[in-house]
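Trainee: I would like the atomic coordinates for the input below:
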Amino acid sequence: MIHQRLEAFISKRRCTLLGVGPMSVNCVDATVELANEYEVPILMIASRRQIDSAEFGGGYVNNWTTEDFARYVTDKDKKGKILLARDHGGPWQSIKEKEEGLGLRRAMDSAKSSYRADIAAGFQVLHIDPSIDIHGSPDVDEVLDRVFDLYEFCWSQAQQAGQEVIFEVGTEEQSGSTNSQEELDYTLNAIKKFCAKNKIPQPTFVVIQCGTRVMEMRNVGSFDSPIRVANEIPAEIQLPKMIEICNRHGIFMKEHNTDYLSDEGLQWHPRLGIHAANVAPEFGVAETNALVNVLEANGLTQLADRFLEIAYDSNKWDKWMLKNTAATDRDRSLIAGHYVFSRPEVEVLKSEAAQELERKGIHLEEHLKQQVKQSILRYLSNFRVVRAA
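Mentor: Numbering: from 1, shown residues only. Below is the predicted model:
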């Protein structure tokens, strides 16, 4: 049913579906409100760092556990337009599994525990992603074996719970380049054989390397690049061939790391026939920028400086930096800002700011939510999910 509904929607609108990372409470609220206002499906794609079960200590977004997050979204989603999705489920996708240096078997068991909580909480889309291995570089067949193990586990769990789920499969980390047609065809053939043999529905989405990669506050992949990348077929030539392979197999093509692409680049998505695309960090940075700007514009520079300092000291910007970066400390703080929204000291700071801004008729959280909405609407409009106002 879920697959058929999405297929009908994509076909009718000739659009690209949007997956939104739940970067903050305001981001979640903005997404739910837009989905209900325009009556369109939006995928809410939670990574294990953002949202995880109580067993893993929850996530950095509002300190929500899987159960808390799912309950919050479904209560707000009055028209049932949001699809709760696990993004990057799989072994070593949790910081805890990496820090403990788990071996393969324990990491797979740990991933299954997380999926079990997802299914119990009512998640409808499960991304099976065993692309990380902290102990080596498994070949494609080893990765596929892990996909099949997790896929079968999740399907049997969902069946036992009477829960409808659809699957997204990714077999390699995003690199900013594009897949080869041969490896995609091989992967999809193997997955189709596995599903047919085990009488399990085939995945709805497969993650394709589309030449998108987010670093700092920009997209450094080849998709939007006016300059040709050495030894790589241009995206506008390669992607239609990849989409053709997906269509032949009856599986939707999903792009990750779509943040910061130009409007023109986004408008190419539905034209090319890209079925769905994920965006996350950009929405966190949009809210962080909005917070710092409204504080500084209203004479609350001390609070702005304190927030920027907390964000910088978190070091959460580290993994986003380019090798020979020209980024300033302020840039680093803006990249890391959404990671610290739920810290007690930031909640106190925002509460103080909200009181001051209220005197000027500015409702801080509403202001921030509206800024995130504008950022999300850029994608929904360019992807043809909603008609531009």
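Trainee: Which is the succeeding secondary structure element to the helix or strand bottoming out on mean pLDDT in the chain?
Mentor: In the chain, no helix or strand scores lower on mean pLDDT, DSSP states H and E than helix 235-249, which sits at a mean of 88. Under the assignment DSSP states H and E, the closest C-terminal helix or strand after helix 235-249 is strand 252-255.
Trainee: what about residue 164, how many residues close to it?
Mentor: Counted with other C-beta atoms under 10 Å, residues neighbouring residue 164 total 13. Glycine gets a C-beta too; all of them are placed from N, C-alpha and C.
Trainee: Can you classify it by secondary structure?
Mentor: coil (DSSP: H, G, I helix; E, B strand; the rest coil).
Trainee: helices or strands next to the helix or strand where residue 376 lies in the packing?
Mentor: Assigned by DSSP H and E, residue 376 belongs to helix 364-382. Other helices and strands packing on helix 364-382, by 3 or more C-beta pairs under 8 Å, 6 or more residues apart in numbering; DSSP states H and E, are strand 17-20, helix 25-38, helix 263-272, strand 276-279, helix 281-297, helix 344-358.
Trainee: most packed of these?
Mentor: Per residue and on average, the most neighbours among those fall to strand 17-20, with a mean of 27 (mean count of other C-beta atoms under 10 Å).
Trainee: C-alpha coordinates for that one, CSV please?
Mentor: The C-alpha atoms that make up strand 17-20 are tabulated as CSV, following Å, rounded to 0.1, in the frame of the first residue of the first chain:
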residue,chain,number,x,y,z
LEU,A,17,9.8,13.0,-3.2
LEU,A,18,11.7,14.8,-0.3
GLY,A,19,13.2,13.2,2.7
VAL,A,20,13.8,15.7,5.6
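Trainee: List the contacts of that strand.
Mentor: 6, 9-10, 27, 31, 41-45, 85, 87, 254, 275-280, 283, 376, 379-380, 383, 385 (C-beta atoms under 8 Å, 6 or more residues apart in numbering).
Trainee: at 7 Å what do you get?
Mentor: For strand 17-20, contacts defined as C-beta atoms under 7 Å, 6 or more residues apart in numbering pick out 6, 10, 31, 41-45, 85, 275-279, 283, 376, 379-380, 383, 385.
Trainee: Check stretch 141-150 too.
Mentor: 90, 108, 111-112, 128, 130-131, 169, 171, 187, 190, 194.
Trainee: In a markdown table: those, plus neighbour count, pLDDT and distance to residue 314.
Mentor: Listed next are the contacts of stretch 141-150 as a markdown table, based on neighbours: other C-beta atoms under 10 Å; pLDDT from 0 to 100; distance: C-beta to C-beta, whole Å:
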| residue | neighbour count | pLDDT | distance to residue 314 |
| --- | --- | --- | --- |
| 90 | 29 | 95 | 25 |
| 108 | 19 | 98 | 30 |
| 111 | 27 | 98 | 26 |
| 112 | 18 | 98 | 30 |
| 128 | 27 | 97 | 30 |
| 130 | 28 | 93 | 29 |
| 131 | 20 | 89 | 26 |
| 169 | 24 | 95 | 33 |
| 171 | 22 | 73 | 32 |
| 187 | 22 | 93 | 37 |
| 190 | 17 | 96 | 41 |
| 194 | 17 | 98 | 41 |
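Trainee: which ones among these are found in helices?
Mentor: In helices, defined here by DSSP state H, the members of these are 108, 111-112, 187, 190, 194.
Trainee: could these go into JSON lines alongside distance to residue 138?
Mentor: Shown next, in JSON lines, are the ones in helices among the contacts of stretch 141-150 (distance: C-beta to C-beta, whole Å):
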{"residue": "108", "distance to residue 138": "12"}
{"residue": "111", "distance to residue 138": "15"}
{"residue": "112", "distance to residue 138": "18"}
{"residue": "187", "distance to residue 138": "14"}
{"residue": "190", "distance to residue 138": "14"}
{"residue": "194", "distance to residue 138": "17"}
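Trainee: Next one, pLDDT for the residue nearest to residue 190 when sequence neighbours are not counted please.
Mentor: Spatial nearest neighbour of residue 190, chain neighbours left out: residue 144 (5.3 Å); criterion: C-beta to C-beta, 6 or more residues apart in numbering. Looking at residue 144, its pLDDT reads 94.
Trainee: Next, count neighbours for residue 144.
Mentor: 20.
Trainee: List every C-alpha atom in the strand or helix carrying it, with coordinates, as PDB.
Mentor: For residue 144, the host element (DSSP H and E) is helix 140-161. Extracted in PDB, the C-alpha atoms of helix 140-161 (Å, rounded to 0.1, in the frame of the first residue of the first chain):
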ATOM      1  CA  VAL A 140      30.100  -6.100  -2.700                       C
ATOM      2  CA  ASP A 141      29.100  -9.700  -2.000                       C
ATOM      3  CA  GLU A 142      29.900  -9.500   1.700                       C
ATOM      4  CA  VAL A 143      27.900  -6.300   1.900                       C
ATOM      5  CA  LEU A 144      25.000  -7.900   0.100                       C
ATOM      6  CA  ASP A 145      25.100 -10.800   2.600                       C
ATOM      7  CA  ARG A 146      24.700  -8.200   5.400                       C
ATOM      8  CA  VAL A 147      21.900  -6.500   3.500                       C
ATOM      9  CA  PHE A 148      20.000  -9.800   3.200                       C
ATOM     10  CA  ASP A 149      20.500 -10.700   6.900                       C
ATOM     11  CA  LEU A 150      19.100  -7.400   8.000                       C
ATOM     12  CA  TYR A 151      16.400  -7.300   5.400                       C
ATOM     13  CA  GLU A 152      15.100 -10.700   6.400                       C
ATOM     14  CA  PHE A 153      15.200  -9.900  10.100                       C
ATOM     15  CA  CYS A 154      13.300  -6.600   9.600                       C
ATOM     16  CA  TRP A 155      10.700  -8.200   7.400                       C
ATOM     17  CA  SER A 156      10.000 -11.000   9.900                       C
ATOM     18  CA  GLN A 157       9.800  -8.500  12.800                       C
ATOM     19  CA  ALA A 158       7.300  -6.400  10.800                       C
ATOM     20  CA  GLN A 159       5.200  -9.400   9.900                       C
ATOM     21  CA  GLN A 160       5.100 -10.500  13.600                       C
ATOM     22  CA  ALA A 161       4.000  -6.900  14.600                       C
END
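Trainee: That concludes my questions; thank you for your assistance.
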